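In: structure, please.
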Amino acid sequence: MNRYRLRSYLLLILVFVIWGIAGPVIKFTLGELSPIAFLTYRFFLSSLFLVPITFGLGYKFPTDTKSLLNLFWLSLLSSTVNLGLLFWGLNKTLVIDQTVISAVAPLLSVFAGAIFLNEHITKKEKTGTFITLIGVTFVILEPFLLKKVIAADGNLFGNLLIVASNLSWVAYVVLLKKALRKDVKPLVLTTAAFLVGFITLLPFAILETHGFANLVFQIKEVSLGTHLGVIYMALVSGALAYFLHSFAQKSIETSEMSVLSYLQYVISIPLAVFWLGEKLTTPLIIGSLIITLGIVISSLKKHALPKKGES
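Out: Numbers count the residues shown, from 1 in each chain. Below is the predicted model of the structure:
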């Protein structure tokens, strides 16, 4: 393994540890802030931190209309759409459900990489993904199976929002890989994502709180724990992790990155149980075991095969 690939592995391990902690932090912090207010506050802090650094280091946003629009849509997808759906879903369902459902996203990223980026995919990965989807179905329907659903406010709706968030993340990963191939700088991508997120969500946050002054007052009045949660999401899980994620993708395949991403689930579930007091249910356990089987099958590659993307 060359040093560039090793560096990417180490950086991604750090990223997925950070994101493993993020789910419980989001759920804890949403007790005082709505998803829109939380994200607006988070994107503001991230932008306040990243914009001066980006321009101070001499990086610039593209000037031609096509590149600028591509950057805007990529940023909108990764921030407003992906994180908006994730926070909305977490406000409706449990961190454990979100964590298990999100386990299918890396496998879907592998398929997307094969279709849109011509990356290699094995029969075992196809079989494993199919089995994983069966397990995810158990988890998505968990509220229905336990008769916990009441209209659209039940956990089922939250689980479906998490599925939509996963699909938007898969689309982002593919588009990000294409952008990196065009030598778009990871720091520019990261800064643009949070700046676009702040600009697009601010009007909705103002409408929700009935005025800018009310939004500022609501944010000022939250507890220290909530402020620290938002700061963690803005600077650590946001600015730092997104930059490292974009930077590390240059040297490894989407499929290899997807295997490492399962580390975040090993961290999220214990935190959800012991910190947030969430419970493991029978459908959740069954679904998790099926998903684990699918992941194991997908990961059984023939190591003798040459890997694409070596650098």
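In: apart from its chain neighbours, what residue comes closest to residue 233?
Out: Once flanking residues are discounted, residue 233 sits nearest to residue 42: 5.0 Å by Cβ to Cβ, 6 or more residues apart in numbering. Placement of C-beta: from N, CA and C, glycine included.
In: show me the contacts for the one you found.
Out: For residue 42, the contacting residues are 230, 233, 234, 238, by Cβ atoms under 8 Å, 6 or more residues apart in numbering.
In: now the one helix or strand the first one maps to: buried residues?
Out: Translated: residue 230. Per DSSP states H and E, residue 230 falls inside helix 224-231. Neighbour-count burial for helix 224-231, counted by 16 or more other Cβ atoms under 10 Å, picks out 226, 227, 229, 230, 231.
In: just the closest of those to residue 196, please.
Out: residue 230 (18.5 Å; Cβ to Cβ).
In: out of the contacts of residue 42, which sit inside helices?
Out: Taking DSSP state H, the ones among those that sit in helices are residue 230.
In: okay if I get the contacts of residue 42 as a markdown table plus distance to residue 279?
Out: Formatted as a markdown table, the contacts of residue 42 follow (distance: Cβ to Cβ, whole Å):
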| residue | distance to residue 279 |
| --- | --- |
| 230 | 27 |
| 233 | 25 |
| 234 | 30 |
| 238 | 30 |
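In: need the pLDDT of the residue nearest to residue 87 when sequence neighbours are not counted.
Out: Distance criterion Cβ to Cβ, 6+ apart; nearest residue to residue 87, sequence neighbours excluded, is residue 35 at 3.8 Å. Looking at residue 35, its pLDDT is 92.
In: if we can go back for a sec, check which helices and strands the helix holding residue 230 is in contact with.
Out: helix 3-29, helix 35-56 (3 or more Cβ pairs under 8 Å, 6 or more residues apart in numbering; DSSP states H and E).
In: off-centre distance for the last one?
Out: This points to helix 35-56. Computed by Cα atoms, centre = their mean, to the nearest Å, the chain-centroid distance of helix 35-56 equals 17 Å.
In: please compute how far the helix or strand following that helix lies from its chain's middle.
Out: Beyond helix 35-56 in the direction of the C-terminus, DSSP H and E gives the next helix or strand as helix 65-76. Helix 65-76 sits 20 Å away from the centroid of its parent chain (Cα atoms, centre = their mean).
In: could I have the CA atoms of helix 65-76 written out in CSV?
Out: Provided in CSV are the C-alpha atoms of helix 65-76 (Å, rounded to 0.1, in the frame of the first residue of the first chain):
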residue,chain,number,x,y,z
THR,A,65,-21.0,30.2,-15.0
LYS,A,66,-21.0,26.4,-15.7
SER,A,67,-18.5,25.6,-13.0
LEU,A,68,-20.1,27.9,-10.5
LEU,A,69,-23.5,26.3,-11.1
ASN,A,70,-22.1,22.8,-10.7
LEU,A,71,-20.5,23.9,-7.5
PHE,A,72,-23.7,25.4,-6.3
TRP,A,73,-25.8,22.3,-7.0
LEU,A,74,-23.2,20.0,-5.4
SER,A,75,-23.2,22.2,-2.3
LEU,A,76,-27.0,22.4,-2.2
